[in-house]
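structure, please.
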Amino acid sequence: MAEMDTSSGGSHKKGPGVKKAKKLSTRVDLTPMVDLGFLLITFFVFTTTMSQSTAMNMNEPKDDPEQQLKVKNSGAMTILLGKNDQVYYYFGQLEADKVSEQFKSTNFKDIRGLILTKKKATNIDDLMYIIKSDKESTFKNAIDILDEMTISAVPPGHYAEVDMTDTEYQLIKQTEQANGIK
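Residues are numbered from 1 along each chain as shown. As a prediction, the model looks like this:
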C-alpha cells in the first residue's frame, strides 16, 4: 500500500533554546502502483478480441486449359482498367471489323449501372465479368472494381481477373491519345 512518511524526527517542545526541527517532505511509495499498472495491462491484453482479417473471395482462372471455364460471348463483359481512373469495356469478344463500335470508355461513377444492366439482361448461368488491369492502372482501381462487383451482388465465380492482351493494350493507348489523357 501507499505509505506517507511525515516524521519530524524530534520532540514537540516550544520555547527559547529549542532548535527548530527539520520539516521533511511527504514521500509516497509508488511501488504498488507499478504492480497495479502491470495487472491492468495484462487484464486488457487477455480480454481484448483481435480484429478479424477481411478478405474478398475471388476465383482465379485455372492454368490447365481443360479445367478453364467456357464463357458464352453473349454473357461476357470485359472491363479494362486504365490510368487516371479510366474504365474501358466491351461485350462478348472483340471483332476486328467492329472494334470502334464495341470498345467503349466510361468512369467509375457509371460502371455500376453498366454492370447491373448486363446482370439483368443475362441469364445468371451465362454471366461472366472479365477484369483486366493496365500496367499504369492503380491498385485502388482494382479494389474499386471488385467493390462494385460486391455492391452489384455479382456472385463469386462470375467475375475473374486475368491478364490484358496486346490488342486491348493498344486499344487503350489509342483511346487515351485520342482523348488527350496523359
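
how much space between T78 and Q93?
9 Å (Cβ to Cβ, to the nearest Å). In this view, the C-beta of every residue, glycine as well, is placed from N, C-alpha and C.

residues of the strand or helix carrying L171 that come out buried?
Assigned by DSSP states H and E, L171 belongs to helix 166-179. For helix 166-179, a neighbour-count test (16 or more other Cβ atoms under 10 Å) marks 168, 171-172, 175-176 as buried.

higher neighbour count, T78 and Q93?
T78 (22 against 10; other Cβ atoms under 10 Å).

doesn't that one fall inside a strand?
Yes. Counting by DSSP: H, G, I helix; E, B strand; the rest coil, T78 falls inside a strand.

just checking, it touches K132?
Yes. Using Cβ atoms under 8 Å, T78 makes contact with K132 at a distance of 6.6 Å.

so which residues of the chain form strands?
Secondary structure of the chain (DSSP state E): strands located at 76-81, 87-91, 104-106, 128-133, 159-162.

pick the most buried one from the ones you listed.
strand 76-81 (a mean of 22; mean count of other Cβ atoms under 10 Å).

what's in contact with it?
87-93, 111, 114-115, 118, 128-134, 137, 141-142, 145, 164, 168, 172 (Cβ atoms under 8 Å, 6 or more residues apart in numbering).

point out where the chain drops to low pLDDT.
Counting by pLDDT under 70, the ranges of the chain that qualify are 1-15, 55-71, 182.

at 80 what do you get?
Applying pLDDT under 80 to the chain picks out residues 1-27, 50-74, 94-101, 176-182.

could you report the distance from the residue nearest the centre of the chain to D110?
Nearest to the mean C-alpha position of the chain, by Cα atoms, centre = their mean, lies I143 at 7.0 Å. According to Cβ to Cβ, I143 and D110 sit 18 Å apart.

before we move on, what about T150?
Distance, T150 to D110, using Cβ to Cβ: 18 Å.
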